[in-house]
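Colleague: Could you look at this predicted model? Sequence included:
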Amino acid sequence: MSENNSVLMEVKNINLRFGGVVAIQNVSFDIYEGEIRAIIGPNGAGKSSMLNVINGFYHPQEGEVWFNGEKRPSMEPYQIAKTGIARTFQNIALFKGMTTIENVMTGRQLKMNKNFFWQMLRYGPAIEEEVEHRRRCEEIIDFLEINHIRKTPVGALPYGLQKRVELARALAMDPKILLLDEPMAGMNVEEKQDMSRFIIDVNEEFGTTIALIEHDMAVVMDLADRVVVLDYGKLLADGTPTEVQSNQAVIDAYLGVPH
Amino acid sequence: MFYRETGQFKSKYREELAAFPLAEDKVGIAILLVIAYVFIPIFGIPGLSYEFTMGAIMIPVFIFTITTLGLNILLGFAGQISLGTGAFMGVGAYSCYKIMTIFPDLNIIICVILSGLVTAVVGMIFGLPSLKIKGFYLIVATLAAQFFLEWAFIRVAWLYNYNDSGGIEGTNKEMFGLIVSGPQSDALTRYFIVLTLLVLLTWLASNVIRGRIGRSWMMIRDMDIAAELIGVRPLTAKLSAFAFSSFYVGISGALMVFFWLGAAEVESFDVSHSFTYLFMVIIGGLGSITGSYMGAALVWVVPVLIKEIGKTVFGFDAFVMENFSIIFLGVAIVVILIVEPHGLARLWQITKQKLRLWPFPY
């Protein structure tokens, strides 16, 4: 929970169309530094598209993304990753052929820069760099309690753990803002509790700003500081969980209205 | 029982990141090196003549292992498929030939490495389509590279110095007073050079693969979208994989002509060879350095041995044995792929797993 409400990221009047399909229509909202911001809405509301706009995978036809107080120019995803935005995916997108520790190490990729020559010799700067980043990765692995699966290929892990490894990989990027796309989809109650605990811990201990999409309303209302509600690509409501809960438009969108 | 990590504690990340963290592996590699450097040169392979051992088994297997390593880097680690391996070997061979004619006094090892670099550049150019296309479509693009290069090896007479045969041929090359390449060179000298290069290249490949660049290749292979969102630039990752892979393939092509065959024509680099190298990689195991060794050895040695045994032991006609070895290899490939689709490397891994507990069931 943030005390000072400084805006870390702001999206302004985003319009995203795929051919004739309007995915996002004139949506604006902001994310404060250090808060947990939830994006909710029925299926097809444009939540994931919104995350894809934020991390540069989709380029909106209109609208601006402001980050760190600056308007962000049109960039490729790998450039945006450099600015400090990390994310996890709705359908787990781990590197299946690699072990847990290797997957977490991939998060440090951008912070490593030793050239091909040293890499080939794996000596001097290259190995020093490797050790230095390995230390940080081990901290994160410790933090998320996945030590025991450090050397297991991630393809062989159960679903809940894979989600956790994915979170570890995103955290290894030391992001300013962490985008979580349905971090609790398909989990049982215990796994959801674990995941919620980790999300809160990450937010409080690392001070990472978090934007998450989630369908489990109980989780959203407990975790989030502020909630954005989207429906059919439009912004329906924006406010604290209690405000959103009592908003008539939101209730209509979720429960339906009599015609 | 004999192969286990129990009790081998590491207190530094550096130790754990070593090439062979387990003592058993270190011993195993040391034994293999001693066999390769001492026993085979002195005793040969029991039951086979010395000339045959060197000329038909050891030297070609080492050379093809370098090829397989190269292709495995591209296919197994970076996930970019290529059917142009044969032609890229040709690029290595022809460029080595040209470098040797332009700089006749240059050390042949340097020529070979330079030809690897030339191939790396060519490989990068033909790797450009991989930025846009994947999978089967990329196969077609690399096949185009194969046919274009074959055409160039025939039509561009400059490449073979306008000679009448249309092929390239090695001349005697000396190094430290020893003839190391060409018709008068000793098989043993060539054996040691090829072996040393193989060991060096294996070491370099394993280093790159375990580091930042190797990880970026595997990221692209496993999930290219996630890789991009984490900050891997597809252009750099894919082209560096093509370059590094082609470097190996080019070196092996140059070695094949100047340290094994002695002379070559365009037929040595045709598409059927590309397929053979692809077999080696797939049978050995995608994404495994050990697998590259095993695949190259199996695909090359088994037919050669069948032919030799059929000829000497059973007295069959060479032509019959030629066909028989092809049939046998085909069956072996199918059986291995059914038993273990991930190749010999996976079988070896499973064996190691079993060895950890042997002789107890669990």
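Modeller: Right, received. Where do you want to start? Residues are numbered from 1 along each chain as shown, chains lettered A, B, ... in the order given.

Colleague: okay, CA-based contacts and neighbour counts for the rest of this
Modeller: Noted.

Colleague: what secondary structure does B:Ala205 sit in?
Modeller: Secondary structure, DSSP: H, G, I helix; E, B strand; the rest coil: B:Ala205 is helix.

Colleague: Can you give the distance from stretch A:102-109 to the centre of its chain?
Modeller: 16 Å (C-alpha atoms, centre = their mean, to the nearest Å).

Colleague: can that stretch be found next to chain B?
Modeller: Yes - Stretch A:102-109 reaches chain B (C-alpha under 8 Å from any C-alpha of the partner chain) through A:Glu102, A:Thr106, A:Gly107, A:Gln109.

Colleague: tally of neighbours for the second one?
Modeller: Using other C-alpha atoms under 10 Å in any protein chain shown, the number of residues around A:Thr106 comes to 28.

Colleague: what do you get for the first one?
Modeller: A count of neighbours around A:Glu102, defined by other C-alpha under 10 Å, yields 24.

Colleague: Assign it to helix, strand or coil.
Modeller: The three-state label given to A:Glu102 by three-state DSSP is helix.

Colleague: Just after the strand or helix carrying B:Ser292, pick out the following helix or strand.
Modeller: B:Ser292 belongs to helix B:289-312 when assigned by DSSP states H and E. Per DSSP H and E, helix B:289-312 leads on to helix B:318-339 as the next helix or strand towards the C-terminus.

Colleague: which residues are contacting that next one?
Modeller: Helix B:318-339 is contacted from outside by B:Ile283, B:Val299, B:Val302, B:Pro303, B:Val304, B:Ile306, B:Lys307, B:Gly310, B:Lys311, B:Gly343, B:Leu344, using C-alpha atoms under 8 Å, 6 or more residues apart in numbering or on different chains.

Colleague: Throw those residues into TSV and include pLDDT, neighbour count and distance to B:Val38, thanks.
Modeller: Listed next are these as TSV, based on pLDDT from 0 to 100; neighbours: other C-alpha atoms under 10 Å in any protein chain shown; distance: C-alpha to C-alpha, whole Å:
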residue	pLDDT	neighbour count	distance to B:Val38
B:Ile283	90	27	29
B:Val299	91	23	25
B:Val302	88	17	24
B:Pro303	88	20	26
B:Val304	88	18	23
B:Ile306	85	17	26
B:Lys307	85	22	27
B:Gly310	82	19	29
B:Lys311	80	16	29
B:Gly343	88	25	30
B:Leu344	89	27	26
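
Colleague: just the residues you listed now: which is nearest chain A?
Modeller: Among the contacts of helix B:318-339, B:Gly343 lies closest to chain A (C-alpha to the nearest C-alpha), at 14.9 Å.

Colleague: Enumerate every residue touching the closest one.
Modeller: For B:Gly343, the contact set (C-alpha under 8 Å, 6+ apart) comprises B:Ile282, B:Ile283, B:Gly284, B:Gly285, B:Leu286, B:Gly291, B:Ile336, B:Leu337.

Colleague: Is chain A within reach of the helix holding B:Ser292?
Modeller: No - using C-alpha under 8 Å from any C-alpha, helix B:289-312 stays clear of chain A, with a minimum separation of 14.9 Å.

Colleague: Skip the chain neighbours and tell me the closest residue to whatever residue of the stretch 201-350 of chain B ends up closest to chain A.
Modeller: Nearest residue of the stretch 201-350 of chain B to chain A (C-alpha to the nearest C-alpha) works out as B:Gly231 at 3.9 Å. Once flanking residues are discounted, B:Gly231 sits nearest to A:Tyr78: 3.9 Å by C-alpha to C-alpha, 6 or more residues apart in numbering or on different chains.
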